[in-house]
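S.K.: sequence below, structure please.
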Amino acid sequence: QVLLVESGGGLVQPGGSLRLSCAASGFAVNTYTVSWFRQSPGKDREFVAGTFRRDRKLYYADAVKGRFTISRDTVENTVSLQMDRLDYSDTAVYYCAADRTIILSGMHQDQAYEYWGQGTQVTVSS
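M.R.: Purely as a prediction, here's the structure:
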């Protein structure tokens, strides 16, 4: 049974940092595409960053490039999202998603993912 559990969300001031973690069970994180999405109130869920299962490369949305870093730990079987220089616009519920068969062109589409975590709230506020 595939299970994804996010942790690490919280309240942070603008310019601060947070590290989110997605603990996976039921599969090995280096065999699935695992990505982070986020959703703000009134907005669609959007792709943030991901690790593609085939080329193991890291992909980022333009809005977070240079500020966020996604990483995979095959020993702990986790995928983390280090978020630096956080801005008010980063406030959202962050979700971890995984899929075994997704193709690269579909990586940014939330409907392409089969498995989802429950989400963790990130609030950037002064």
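
S.K.: can you check the pLDDT for the spatially most central residue of the chain?
M.R.: By Cα atoms, centre = their mean, the chain has its centre lying nearest to Trp36, at 1.7 Å. Per-residue pLDDT puts Trp36 at 98.

S.K.: equivalent analysis for Arg53, please.
M.R.: Note on Arg53: pLDDT of 86.

S.K.: do you know how far it is from Ile102?
M.R.: Distance of Arg53 to Ile102, computed by Cβ to Cβ, to the nearest Å: 8 Å. C-beta here means a position set from N, CA and C on the backbone, and glycine is covered the same way.

S.K.: common neighbours of these two, please.
M.R.: Here Arg53 and Ile102 have Thr33 as joint contacts, going by Cβ atoms under 8 Å, 6 or more residues apart in numbering.

S.K.: my guess is Leu20 meets Ser7, correct?
M.R.: Yes - between Leu20 and Ser7 there is a contact under Cβ atoms under 8 Å: 7.2 Å.

S.K.: quick one: residues contacting the spatially closest residue to Arg54 that is not a sequence neighbour.
M.R.: Excluding its sequence neighbours, the residue lying closest to Arg54 (Cβ to Cβ, 6 or more residues apart in numbering) is Leu104, at 7.4 Å. When contacts are counted by Cβ under 8 Å, 6+ apart, Leu104 touches Phe52, Arg54, Asp55.

S.K.: one more: Arg67?
M.R.: Met83, Asp84, Arg85, Leu86.

S.K.: out of those, which one sits closest to Leu11?
M.R.: Leu86 (10.5 Å; Cβ to Cβ).

S.K.: and the closest one, what element?
M.R.: Counting by DSSP states H and E, no helix or strand carries Leu86.

S.K.: once you drop chain neighbours, what's closest to it?
M.R.: In space, and not counting its chain neighbours, Leu86 is closest to Val124: 4.8 Å by Cβ to Cβ, 6+ apart.
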